[in-house]
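give me coordinates for this.
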Amino acid sequence: MQLPLTEPHPLKLRIEDFELLNRAGVFDAYHKAELIEGVIEVMNGEFRRHSRVKSQLTFRLQLALEAIGSDFAAFSEATLALSPHNLPEPDVIVAIGGLDDRYYERRDIAIVIEVADSSITRDLGAKCAMYAHETVPEYWVVALQTGEIHQFWKPRDGRFGDHRVVPLAGEVCSATLPELTIDGRGIL
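Modelled structure (predicted):
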């Protein structure tokens, strides 16, 4: 059997490839590893400010969701199985929870949140494009350096149709869950 000749090209890993590597301990030396567009990305450990902001967002979102009687809940560091080549682990998600043994999927998700310090360019660039392509309803990037939240919603054709930047210093309202509002004062 003769295989067709092709130009060399990158091999995009699939979720099942990533899982095999993870189970084999390949990522044990790293704080966190994700599969983004078939490429493994590793991150360093978090500094205290990042951890505090992530925890405060999760806590305040959970309180607000309970107050409005929502079926959604806030989760920290949950893994999302989006497409065969995307297995991100965002800082916070708002999703329908479950007790089964599976990753969160697009159908479960209302909001995905990344807390960004050194990762701001990636979170506003490649990750934003990935979440839009995967039709995540709403995506937030909390920019620690500027104290702002970049909110994106209305994904269509691999891009978000709407975007706004709000200070993390007062009321922060979801664009897609209109009753969901948190007080951002004191988070930073």
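
buried stuff in stretch 70-89?
For stretch 70-89, a neighbour-count test (16 or more other C-beta atoms under 10 Å) marks 70, 72-76, 78-82, 85-89 as buried. From N, CA and C alone the C-beta is placed, and that goes for glycine too.

repeat for stretch 31-49
Across stretch 31-49, burial judged by 16+ other C-beta under 10 Å covers A33, E34, L35, I36, E37, G38, I40, E41, E46.

average pLDDT across that stretch?
On average, the pLDDT along stretch 31-49 is 85.

tell me, how many residues neighbour the residue lying closest to R49 once chain neighbours are set aside?
In space, R49 comes closest to L144 once its chain neighbours are excluded; the distance is 6.3 Å by C-beta to C-beta, 6 or more residues apart in numbering. Neighbours of L144 under the rule other C-beta atoms under 10 Å: 18.

pLDDT wise, what is L144 at?
As predicted, L144 sits at a pLDDT of 94.

now it: how far from H50?
Distance from L144 to H50, counting by C-beta to C-beta, to the nearest Å: 7 Å.

now the common contact residues for those two.
Shared contacts of L144 and H50, defined by C-beta atoms under 8 Å, 6 or more residues apart in numbering, comprise V115, D117.

who's in contact with the spatially closest residue to S76 that is not a sequence neighbour?
Excluding the flanking residues, the one nearest S76 by C-beta to C-beta, 6+ apart is T58, at 4.5 Å. T58 is in contact with A74, F75, S76, V92, counting by C-beta under 8 Å, 6+ apart.

residues touching the nearest residue to G45 once chain neighbours are set aside, list them.
Closest residue to G45 apart from its sequence neighbours, by C-beta to C-beta, 6+ apart: H31 at 4.2 Å. Shown in contact with H31 (C-beta under 8 Å, 6+ apart): V42, M43, N44, G45, E46.

next one: stretch 139-155 to chain centre, how far?
Offset of stretch 139-155 from its chain centre (C-alpha atoms, centre = their mean, to the nearest Å): 11 Å.

what stretches of this structure score poorly on pLDDT?
Flagging of the chain using pLDDT under 70 yields the residue ranges 1-5.

so which bits of whichever helix in it runs longest are buried?
In the chain, taking DSSP state H as the definition, the longest helix is helix 48-67. By neighbour count on 16+ other C-beta under 10 Å, the buried set for helix 48-67 is H50, V53, K54, Q56, L57, T58, R60, L61, Q62, A64, L65.
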